[in-house]
Structures are given as structure tokens and as C-alpha cells.
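A.B. asks: Sequence plus the predicted model coming up.
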Amino acid sequence: MAEFPTVFCLASGRSGTHFLFEILRRNTLGVICRHEPYVWNPSMFGRPIYDHAVGDEAAVRKLAERKRRVIEGYARAAGYAETSHAFLKSWSDLAVEFFPRMKLVHLIRNPLSVAKSEAIREDLIHRWRLPLRNYRGGDGKPFFRWALTGLEPIFARVQGRALSRFQWYVVQWIEIENRAMQFLQKHNKQRDCFTVHSPEELNYVAKVQSLLEFLELPRRGKETQLKGRKNRTPGVKTEIAERDRDEFAEVVSFLPANYLEIFQQPPYSGWEWAQGLQKNPPATPPIP
């Protein structure tokens with residue numbers, strides 16, 4: 001069992017995970033920092049997401065054990081930090097079994113921006129015909145490598161509805177955030193988790209400084225660096241249209257209230273977008 005510091009990320013894709021990687025890489029010393037590892041260090045994207053969705057823990061465990069051995073091989077380093085959004089999609093419960101002393105960074109971004117950016121990125125990846133963008137599940141069907149499968153129980157709640165890809169990613173975001181809260185509660189990891197609202201707080205020196213102090217990783221220098229590539233989609237700006245807001249409201253109306261309850265509490269409440277995740281949002285008081 002690894003006793004050296006490990007850090008993982010609770011997040012959806014398109015939430016600032018790559019920029020978080022850049023921050024950790026540029027501000028820590030002697031720490032193995034990874035965003036989405038591949039080759040010998042399994043990414044836990046693709047088939048593990050499917051296996052997790054259908055309850056094949058043995059298959060996920062087999063690959064996660066390999067990942068564990070790779071990470072433990074870095075034991076002479078000052079720590080290991082991985083900002084991949086695969087964590088909650090496929091192997092979080094196994095990860096905390098392997099690395100019980102882990103610390104976590106919870107990245108939260110406006111769900112409309114996440115869903116719009118995810119939909120745009122997926123469309124471009126298919127248009128570019130990126131190799132290995134799809135994989136086949138145990139049922140022989142193709143699935144997009146970096147997303148949930150649609151076989152998860154939350155998607156049964158919207159079955160039969162003609163969702164746009166934007167709406168599909170809204171559902172995925174809601175599922176991921178519910179998983180984040182459930183993970184923290186199940187494993188009593190609230191005190192080991194630092195929440196960052198992206199992108200606002202990732203660009204705020206004092207907040208990043210607090211994050212680095214919380215993680216207790218060796219520092220490269222006294223000055224906090226906020227430089228690094230932000231993994232923006234080339235040539236495309238994420239802009240939220242009125243149609244997107246209407247489609248977002250439709251998803252909220254479709255889903256049972258129990259999927260939305262977390263958004264009326266910290267760390268979500270207080271952000272303007274959280275009001276749109278209420279079944280019956282409070283009426284705006286009349287102007288006197």
C-alpha cells in the first residue's frame with residue numbers, strides 16, 4: 001500500500017483538469033504529475049468505464065491493480081498527482097482502497113459551460129476521425145472513450161427522450177457531481193478534499209496558494225505560478241445560447257429531485273447557475 005502522498009481529482013471533463021495539472025507541475029518539486037496517463041500507466045478511460053457501469057468490478061480491478069503498481073513504483077518521489085477526470089467515471093472506490101491517504105481536488109465548473117464544451121469537443125474528435133476515439137463494450141456496441149456509457153441508472157430516467165448531445169452531457173455532469181458527493185461521504189474524505197470553482201478560482205493566486213498548502217506537496221519556489229496550457233478547443237469559443245438554457249431547463253424538469261438536491265447545498269449553492277438546478281426555483285420578487 002502506498003504511503004507517500006497521492007492526489008486525485010473529482011471532476012467532469014472540460015472543467016480545468018489540464019490547467020490544474022499545469023499548476024501542480026509548475027509549483028511542486030519532486031512530485032510525479034500526470035494529467036491523463038497512457039501506455040503502461042492505465043488511463044482508466046474506455047473499457048473500464050463500461051465495466052464499471054455494468055458492475056464488472058473484477059475487470060476494473062485487474063486494470064486498476066496495474067495502475068496501482070505503476071504509482072507505487074514512484075514511491076521514491078515526493079508524491080504522485082493525477083488530474084484525470086476518469087477517476088469518478090471508473091475506479092474511485094478501488095483507488096481509495098489502494099491509496100487511503102489520498103487527497104482530492106474537487107473541480108466544479110458551470111454545468112452549461114461543461115456540457116457545451118464537451119459536446120463541441122466530441123463533435124470535433126469525430127470529425128477529425130481521431131484514432132481510438134471509440135471502444136467496444138462487452139455488448140459489442142461502440143462507446144465514446146472519454147464519456148460515461150449511457151447505461152448508468154441516471155440515463156434510465158431520461159430514456160425515450162430525444163436528448164441533444166448537449167443535454168446528454170448535462171445529465172453526465174449531474175451524475176458525476178452526485179458521484180463526487182457520494183464518494184466523499186462514503187469514504188469520509190470531506191476533510192481531505194479541497195474544492196475549486198473553475199475557471200474563476202484557478203486564476204486566483206490566493207486560492208491556488210491555499211490549495212498548494214492544503215496538498216502539502218514540496219514547493220518549487222515561494223512564488224505561485226499560474227502559467228500553462230489550458231487545453232482550449234482549437235478555433236471554437238464556448239458560448240451559451242438561449243437554446244442551451246432552454247435545453248438545460250428541460251433536463252432539470254425530466255430528472256427526479258433526488259439527483260438535484262446536492263446543488264442547493266455547499267459547495268454548489270451560492271453560484272448563480274445552481275439556481276437553475278432546482279425543480280421549482282424561487283420566483284423573483286417583484287421590484288417595488
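C.D. replies: Perfect, I can see it now. Computed from a prediction, not measured in an experiment: that's the story for all the values here.

A.B. asks: Now stretch 182-195: buried residues?
C.D. replies: Using 16 or more other CB atoms under 10 Å as the test for burial, stretch 182-195 gives 183-184, 187, 189, 192-195. For glycine as for every other residue, the C-beta is placed from the backbone atoms N, C-alpha and C.

A.B. asks: Low-confidence stretches in the stretch 151-288 of the chain?
C.D. replies: Within the stretch 151-288 of the chain, the segments meeting pLDDT under 70 span 228-235, 281-288.

A.B. asks: Show me which of the buried residues of stretch 182-195 is closest to Gly73.
C.D. replies: Gly73 has its nearest neighbour among the buried residues of stretch 182-195 in Asp192, at 23.2 Å by CB to CB.

A.B. asks: nearest to Val171, of the buried residues of stretch 182-195?
C.D. replies: Using CB to CB, the shortest approach to Val171 within the buried residues of stretch 182-195 belongs to Phe183, at 18.6 Å.

A.B. asks: residues contacting the closest residue in space to the closest one that isn't next to it in sequence?
C.D. replies: Distances taken as CB to CB, 6 or more residues apart in numbering put Ser92 closest to Phe183, at 5.3 Å, once the chain neighbours are dropped. Taking CB atoms under 8 Å, 6 or more residues apart in numbering as the criterion, Ser92 is in contact with 8, 179, 183.

A.B. asks: element containing Tyr135?
C.D. replies: Assigned by DSSP states H and E, Tyr135 belongs to strand 134-136.

A.B. asks: what comes up buried for that strand?
C.D. replies: Under the neighbour-count criterion of 16+ other CB under 10 Å, strand 134-136 has Tyr135 buried.

A.B. asks: Which positions within the helix or strand Glu65 falls within qualify as buried?
C.D. replies: Here Glu65 sits within helix 57-72, counting by DSSP H and E. Of all the residues in helix 57-72, those buried under the rule 16+ other CB under 10 Å are 59-61, 63-64, 67-68, 70-72.

A.B. asks: What average pLDDT does that helix get?
C.D. replies: Taken as a whole, helix 57-72 carries a mean pLDDT of 97.

A.B. asks: and that helix, what other elements does it pack with?
C.D. replies: helix 47-53, helix 92-98 (3 or more CB pairs under 8 Å, 6 or more residues apart in numbering; DSSP states H and E).

A.B. asks: What is the burial count for the residue nearest to Ser84 when sequence neighbours are not counted?
C.D. replies: Excluding the flanking residues, the one nearest Ser84 by CB to CB, 6+ apart is Glu36, at 4.7 Å. Residues lying near Glu36 (other CB atoms under 10 Å) number 18.

A.B. asks: cool, and the one 3 residues further on?
C.D. replies: By the measure other CB under 10 Å, the count of residues near Val39 is 7.

A.B. asks: Tell me which of the buried residues of stretch 182-195 fall in strands.
C.D. replies: Those of the buried residues of stretch 182-195 mapping onto strands are 193-195, per DSSP state E.

A.B. asks: Tell me the one among those nearest to Gln209.
C.D. replies: Closest approach between these and Gln209, by CB to CB: Phe194, at 11.7 Å.

A.B. asks: Surely Ala119 is in contact with Val171?
C.D. replies: No - using CB atoms under 8 Å, Ala119 is not in contact with Val171; the gap is 11.9 Å.

A.B. asks: right, and Val7 touches Phe87 too?
C.D. replies: No - using CB under 8 Å, Val7 is not in contact with Phe87, being 10.6 Å away.

A.B. asks: hmm, back to that, and the contacts of Ser92, which is closest to Asn134?
C.D. replies: Arg179 (23.1 Å).

A.B. asks: and the closest residue in space to that closest one that isn't next to it in sequence, what is it in contact with?
C.D. replies: For Arg179, ignoring the flanking residues on the chain, the nearest one in space by CB to CB, 6+ apart is Leu88 at 4.6 Å. In this structure, Leu88 makes contact with 10-11, 176, 179-180, 183, judged by CB under 8 Å, 6+ apart.
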